[in-house]
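# Show me how the following folds:
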Amino acid sequence: MSFTTLLKRVFFLAILLSMPCQGKKFIEPTITEDASEKPLDKPEFKGLPFAFHTEMLQTTVGAAGVVKHAWQPQATLFSGGFYSKNDSWAIYGGAYNYQPFSSTQWMISADIMRAHYTQGFYRFVNDIDDPSFNQPERQLLSARQGFSRITFDYVLPIGAGKKGSVATLRQPSSPEELHDIEDWLPGQSGFTTLTFMPFRRYLKYDDQRATDAQVTDISAGIELEINYDNRNSTTMPSQGFQVRTRYIEDFGDSRRAGYSQIEGEYSQFLSLGKSKFFQQQTIAFNALIADTPSWNHKRNGEYRRPPNFDGVTLGGWDSLRGYDTNRFYGRAAMSYSLEFRAIPAWHPLPQLPIIENYRLPWWQWVLFVDAGQISDEFNLSELHEDMKFSFGGGIRMNIEGVIARIDYAKSSEDGQLRLIINQPF
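The predicted structure is shown next:
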């Protein structure tokens, strides 16, 4: 591969990685070969400056760099940053998928982000005047935000986990390489992963009125997660299911009351087989339920509730996609998503002049519908009353192992076009 081609690939990845995303990692690097059986590859660095223009940031310049095989075959380092005409800026750095002390079951990742957006749309709740459930107000504000976190993953040595934690990164590159799911028990199939993640997140408004309306602008604590993943792929699954349970505890401090939060999520994938026009057709279903058990409890006279930027919310990239991010906020939530995903047999993208040098093994057409509700009580009946809906469609592409997602969704309030990375579930 030529040096020019390498630079083109890093440039495109830099643009993708400047997009917003969700998940326990900012980017989730994957491998398609058994790195654990190869000799140790030398670190390989790729870097390039970039520039783009958006309505929120205006003209923006930046740079990004990636180190593959960063002293372990499966490990990756990434760093990037930008500065815009309206004085907005962001910096990010991450180290992913390191196995400590020659362990085959452990994996450690860490990342940090700092940003200052001078013209950003934010939704915040006036917690001081009304500390009960309400809908966030949409404001154009200047704010500083960021996070830091360390993720410790332990893959249980059962089922597919007997192959070690690196096996969770290996992905088939085309639908033809997918295998059938024959077993449905953790001891026989799939990966069971225990995750421990200390974190600190913050969102500080420059507007004093917005700042004064918040109980806290910091969320810090630990996340504990049990994840059973029995899909035949994390990027283009056609069979199997995934079950995740997450517990979040912010212990608080002298200035903050802290909070407790719990989530349960289930995803199911059903193959509809091939057709003349599609290599793969899949029905994908996701259900999520969340609660804040500490919602009505107090510490030092303050409610133990999370800030709305880090609490139970609906609306955004992965739930009620026709609404603004964090459109609805409260104690508990119920969310459903149903998608039809199809990988066309027709694949013209690799022949397009602009992206012909990138590895694009497949692209995917998607139709989806979302439903969800927020409540100030954990009550299943209330969570299914007067549910909000959105529907839409999108295109997803595997570009150099990164899933780029273009979704358009419509709701009763507005329409939302989003360019992001990673599958919603």
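# need the strands for the stretch 251-400 of the chain, in chain order.
259-273, 278-291, 298-299, 302-303, 312-314, 328-330, 332-344, 363-375, 388-399 (DSSP state E, counting those that start in this stretch).
# closest to residue 244 out of those strands?
Among the strands of the stretch 251-400 of the chain, the nearest to residue 244 by CB to CB is strand 259-273 (4.6 Å). (C-beta placed from N, C-alpha, C; glycine too.)
# quick one on the thing from earlier: right, and the strands of the stretch 251-400 of the chain - which one's nearest residue 102?
When the strands of the stretch 251-400 of the chain are compared by CB to CB, strand 388-399 sits nearest residue 102, at 31.6 Å.
# And the next helix or strand past the closest one?
Using DSSP states H and E, the helix or strand that directly follows strand 388-399 along the chain is strand 402-411.
# Give me the contact list for that next one.
Around strand 402-411, the neighbours that count as contacts under CB atoms under 8 Å, 6 or more residues apart in numbering are 13, 16-17, 27, 235, 320-323, 366, 368, 370, 388-397, 415-424.
# what is the rounded mean pLDDT of the following helix or strand past that strand?
For strand 402-411, the following helix or strand on the C-terminal side (DSSP H and E) is strand 415-421. Strand 415-421 comes out with an average pLDDT of 86.
# Could you figure out how far strand 415-421 is turned away from strand 388-399?
30 degrees (axes from the mean of the first three to the mean of the last three CA atoms, to 10 degrees).
# returning to what we had before: and the strands of the stretch 251-400 of the chain: which comes nearest residue 87?
strand 312-314 (28.0 Å).
# ok, back up a step: for the strands of the stretch 251-400 of the chain, could you give me JSON lines that also reports mean neighbour count?
Formatted as JSON lines, those follow (neighbours: other CB atoms under 10 Å):
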{"stretch": "strand 259-273", "mean neighbour count": "18"}
{"stretch": "strand 278-291", "mean neighbour count": "19"}
{"stretch": "strand 298-299", "mean neighbour count": "12"}
{"stretch": "strand 302-303", "mean neighbour count": "17"}
{"stretch": "strand 312-314", "mean neighbour count": "24"}
{"stretch": "strand 328-330", "mean neighbour count": "25"}
{"stretch": "strand 332-344", "mean neighbour count": "20"}
{"stretch": "strand 363-375", "mean neighbour count": "20"}
{"stretch": "strand 388-399", "mean neighbour count": "19"}
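# now the ones you listed as JSON lines including distance to residue 75 and mean pLDDT?
Shown next, in JSON lines, are the strands of the stretch 251-400 of the chain (distance: least, CB to CB, whole Å; pLDDT from 0 to 100):
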{"stretch": "strand 259-273", "distance to residue 75": "28", "mean pLDDT": "97"}
{"stretch": "strand 278-291", "distance to residue 75": "30", "mean pLDDT": "98"}
{"stretch": "strand 298-299", "distance to residue 75": "41", "mean pLDDT": "91"}
{"stretch": "strand 302-303", "distance to residue 75": "42", "mean pLDDT": "89"}
{"stretch": "strand 312-314", "distance to residue 75": "33", "mean pLDDT": "93"}
{"stretch": "strand 328-330", "distance to residue 75": "37", "mean pLDDT": "90"}
{"stretch": "strand 332-344", "distance to residue 75": "30", "mean pLDDT": "98"}
{"stretch": "strand 363-375", "distance to residue 75": "28", "mean pLDDT": "97"}
{"stretch": "strand 388-399", "distance to residue 75": "21", "mean pLDDT": "94"}
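# quick one, which of these is nearest to residue 63?
Of the strands of the stretch 251-400 of the chain, nearest to residue 63 by CB to CB is strand 388-399, at 19.5 Å.
# With only the CA atoms kept, save the closest one in PDB.
Taking Å, rounded to 0.1, in the frame of the first residue of the first chain, the C-alpha atoms of strand 388-399 are listed here in PDB:
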ATOM      1  CA  LYS A 388     -43.300   8.800  21.900                       C
ATOM      2  CA  PHE A 389     -42.500   7.400  18.400                       C
ATOM      3  CA  SER A 390     -40.000   8.200  15.600                       C
ATOM      4  CA  PHE A 391     -39.300   6.400  12.300                       C
ATOM      5  CA  GLY A 392     -36.700   6.700   9.600                       C
ATOM      6  CA  GLY A 393     -34.000   5.100   7.500                       C
ATOM      7  CA  GLY A 394     -30.300   5.100   6.900                       C
ATOM      8  CA  ILE A 395     -27.200   3.800   5.300                       C
ATOM      9  CA  ARG A 396     -24.300   2.100   7.200                       C
ATOM     10  CA  MET A 397     -20.900   1.400   5.800                       C
ATOM     11  CA  ASN A 398     -18.000  -0.700   7.000                       C
ATOM     12  CA  ILE A 399     -15.000   1.600   6.300                       C
END
